[in-house]
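Undergrad: below: sequence and its predicted model.
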Amino acid sequence: MSASTHWLATAAAQAVLERGGNAFDAATAGAFVLHVVEPHLNGPGGDMTGVFVTAAEPGTPVVLTGQGPAPAGASVEHFLAEGLELVPGSGALAAAVPAAVDAWLLLLRDHGTWELGDVLDFAIGYARDGHPMLGRVGTTIAAVAELFQDHWPTSAELWMPGGRIPAEGEMVRNPAYARTLQRLVDAGAGGGDSRAAKIDAARREWREGFVAKAMAESVQTPHRHSSGTDHRGVLALEDLSGFEAGYEAAATVEFRGHTIAKTGPWGQGPALLQTLAILDGFDDAHLDPSTELGTHTILEAQKLALADREAYYGDTDVPLDYLLSPEYCAERRALIGERASHDFRPGRVPGREPYLPPLRTEYTPPALAGEGSAGLGVGEPTVAPSGETRGDTCHIDVVDRWGNMVSATPSGGWLQSSPAIPELGFCLGTRLQMTWLEPGTPSTLTPGKRPRTTLTPTLVLRDGEAVTALGSPGGDQQDQWQLPYLLRTIVGGYSPQQAIDAPTFHTTSMPGSFWPRTWEPGGAVVEDRLGDEVIAGLERRGHVVTTVGGWTLGRLSAVVRDPSTGVLQAAANPRGAQGYAAGR
């Protein structure tokens, strides 16, 4: 079974499975297709995180760490000297070391079975020969067209050929990226006799060869950032050659007979674990996302966990055992009352001072003070004319006949993040915008440290075996949209597709992970299908409710395996008519 945020990625993954490949071959093939067909949501210059199990060890979730660190030149002092108060949301100065490609190739080398050329053939074909343009890609390009034309000419040339934005459904191509992938395949073919040696040769070409050289050279040209000012990037060849993706043990929590597995606290994943641990002390009536009581309780628990995310999470020594302990979560649970909190309430950890971030409800960079703040609406994708994107990406889940299962969230390096590199056909990401320039925070910008990413795929295990892989795009909302799915399937008895289809919601009552790092005290965004009575009840409780269209929030996909029968299921999001699930 395969499920993803785009039908062509799902189709590619499923084609690999049908031809005898395993889940890791299939997920890698689908992920490279996502680079091509969802370029407004992810790209090879970005990042990814994954969590997987192998058929040989079905009870041991492993995290694939495709989040690169800050370059050596990305210091707080450098950014302050550039006149910046925040890391920009667009422009190459905000680029972490690109890690997505190396991570996928590492997974393919260690756990896949197919040759590199066969896996990349799908993406090469769509980039070289064309694929139908998504309407949302055109919308994104239109939002930044002036930026491209005035400041990023290489992006205008790639995404607005002839000065025109391609129409929805029009066949579009990216021959430069097709050539980049083919050159990686060719480098691998000459790299040795074994399959692993060939993949490692392609990885070296990415980190040290023509790709690395082009990326490092591209940042030397000053260009416009979301700050309204022009800067060079700091990514260097040494940063690229010195990084390799890797593996880590997953962070886990037990909830109603299930083990939920996430990344460590260098990502936001443990905030979902904290939320579940807080909610586990309530009866089932408080856990129904379709009722006023359930929605209120869930929103309040999320606020508490997300406050701890801001206060303690980062690529540092995080007291996760304490934050997930029953005693601490009981203290946090006791703070949930009948009314919505409008306060920022991190917990107290012995021997630690919680970081209290700037609580801005709006922010305009000094250079743009005379022009008004960039308009950021609710929905996906949210792109300001400056190129800044608030939290969107893509996702893929695969399970094969043997029980290998993977959930992965590729992101960053979207077409609007920084100027396109013409010879490569893609641009760099902007993940450093999730770091702070204030000293002493758990996620202060630090050379060699990973930014605290929002990428947060999920595995669910029961009785020692993986049963579900799921995830969603959505920046700060990724885990908030996955939580109702988990509650509806584990507690409410929903099928996977019913849980994805059901109306959802999220809180905005925390500082955002993306530039400009603002928050809305007491804010809650809900799909109108939640119902007038429930929405009115939330407002009576003090939630500042923003109601959006009935099929607007959440872009989940999931695959499910029943270990007792071997029966597989898959489900995908109908919102936007873009996600797709397939299998047999």
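TA: Nice, thanks for sending it over. These numbers were taken from a predicted model, which means no experiment stands behind them.

Undergrad: who touches Leu486 in this structure?
TA: Leu486 is in contact with 255, 260, 276, 458, 460, counting by Cβ atoms under 8 Å, 6 or more residues apart in numbering. All C-beta spots, glycine's among them, are computed from the backbone N, C-alpha and C.

Undergrad: so where does Tyr126 fall, helix or strand?
TA: helix 116-129 (DSSP states H and E).

Undergrad: measure the residue sitting nearest the centre point of the chain to Ile490 for me?
TA: Centroid-nearest residue in the chain: Leu455, 3.4 Å away (criterion: Cα atoms, centre = their mean). Plainly put, Leu455 is 23 Å away from Ile490 if you go by Cβ to Cβ, to the nearest Å.

Undergrad: how about Arg109?
TA: In terms of Cβ to Cβ, Arg109 sits 34 Å off from Ile490.

Undergrad: then Pro166?
TA: Computed with Cβ to Cβ, the distance linking Pro166 and Ile490 is 43 Å.

Undergrad: do Ala271 as well
TA: For Ala271, the distance to Ile490 equals 18 Å [Cβ to Cβ].

Undergrad: list the contacts of Ser513.
TA: By Cβ under 8 Å, 6+ apart, the contact set of Ser513 is 268, 391, 434, 452, 454, 475-476.

Undergrad: which stretches of the stretch 201-350 of the chain form helices?
TA: Here the stretch 201-350 of the chain has its helices, by DSSP state H, counting those that start in this stretch, at 210-218, 237-241, 269-279, 292-312, 320-323, 326-333.

Undergrad: mean neighbour count added to these, as TSV?
TA: What follows is the helices of the stretch 201-350 of the chain, written out as TSV (neighbours: other Cβ atoms under 10 Å):
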stretch	mean neighbour count
helix 210-218	19
helix 237-241	18
helix 269-279	27
helix 292-312	25
helix 320-323	16
helix 326-333	16
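
Undergrad: tell me which of these sits nearest to Ala250.
TA: When the helices of the stretch 201-350 of the chain are compared by Cβ to Cβ, helix 269-279 sits nearest Ala250, at 8.5 Å.

Undergrad: how far away from the center of its chain is the closest one?
TA: Relative to its parent chain, helix 269-279 has a centroid offset of 18 Å by Cα atoms, centre = their mean, to the nearest Å.

Undergrad: just name whatever secondary elements it is in contact with.
TA: strand 251-255, strand 258-262, helix 292-312, helix 320-323, helix 326-333, helix 478-486 (3 or more Cβ pairs under 8 Å, 6 or more residues apart in numbering; DSSP states H and E).

Undergrad: taking the contacts of Ser513, tell me the two that lie furthest apart.
TA: For those, the maximum inter-member distance is 13.3 Å, found between Gly391 and Arg452 (Cβ to Cβ).

Undergrad: neighbour count winner among these two?
TA: Remark: of Gly391 and Arg452, Arg452 carries more neighbours, 25 against 18, as counted by other Cβ atoms under 10 Å.

Undergrad: out of the contacts of Leu486, grab the one that's most surrounded.
TA: When neighbours are counted by other Cβ under 10 Å, Thr458 leads the contacts of Leu486 with 30 neighbours.

Undergrad: go through the helix or strand that contains Val545 and flag the buried ones.
TA: In this assignment (DSSP H and E), Val545 forms part of strand 544-548. By neighbour count on 16 or more other Cβ atoms under 10 Å, the buried set for strand 544-548 is 544-545, 547.

Undergrad: quick check: neighbours of the helix or strand that that strand is followed by in the sheet, parallel or antiparallel?
TA: Following strand 544-548 in sequence order, the next helix or strand is strand 557-561 (DSSP H and E). Paired strands of strand 557-561, with direction, are strand 465-471 (antiparallel), strand 568-572 (antiparallel) (DSSP bridges).

Undergrad: which one of those strands lies nearest to Arg19?
TA: With Cβ to Cβ, the closest approach to Arg19 among the strands paired with strand 557-561 belongs to strand 568-572: 17.3 Å.

Undergrad: the very next helix or strand once past the closest one - contacts with which helices or strands?
TA: Next helix or strand after strand 568-572 toward the C-terminus (DSSP H and E): strand 580-582. Applying 3+ Cβ pairs under 8 Å, 6+ apart, we find strand 580-582 packed against strand 2-4, helix 7-18, strand 568-572.

Undergrad: and Ala197, which of the three is it?
TA: When classified by DSSP: H, G, I helix; E, B strand; the rest coil, Ala197 comes out as helix.

Undergrad: tell me the contacts of it?
TA: Ala197 makes contacts with Gly191, as judged by Cβ under 8 Å, 6+ apart.

Undergrad: now the helix or strand bottoming out on mean pLDDT in the chain: buried residues?
TA: Within the chain, no helix or strand scores below helix 135-143, which has a mean of 91 by mean pLDDT, DSSP states H and E. Buried residues in helix 135-143, counted by 16+ other Cβ under 10 Å: 136-138, 140-141, 143.

Undergrad: what do you get for stretch 183-197?
TA: Under the neighbour-count criterion of 16+ other Cβ under 10 Å, stretch 183-197 has 183-185, 187-188, 191, 195 buried.

Undergrad: now do the end-to-end distance for it.
TA: Distance across stretch 183-197, first residue to last, is 16 Å (Cα to Cα, to the nearest Å).

Undergrad: could you look up the SS state of the closest residue to Thr468 other than its chain neighbours?
TA: Nearest residue to Thr468 in three dimensions, chain neighbours excluded: Val460, at 3.9 Å (Cβ to Cβ, 6 or more residues apart in numbering). Secondary structure for Val460, judged by three-state DSSP, is strand.

Undergrad: so Val460 makes contact with Arg256?
TA: No. Shown here, Val460 and Arg256 do not form a contact pair, counting by Cβ atoms under 8 Å, at 10.7 Å.

Undergrad: shared neighbours of those two, which are they?
TA: Common contacts of Val460 and Arg256 (Cβ under 8 Å, 6+ apart): Ile490.

Undergrad: what's the angle from the strand ranked longest in the chain to strand 557-561?
TA: Scanning the chain for the strand with the most residues, using DSSP state E, yields strand 57-66. Counting by axes from the mean of the first three to the mean of the last three Cα atoms, to 10 degrees, strand 57-66 points 160 degrees away from the direction of strand 557-561.

Undergrad: report the mean per-residue pLDDT for the helix or strand that strand 57-66 is followed by.
TA: Per DSSP H and E, strand 57-66 leads on to helix 76-81 as the next helix or strand towards the C-terminus. Mean per-residue pLDDT for helix 76-81: 97.
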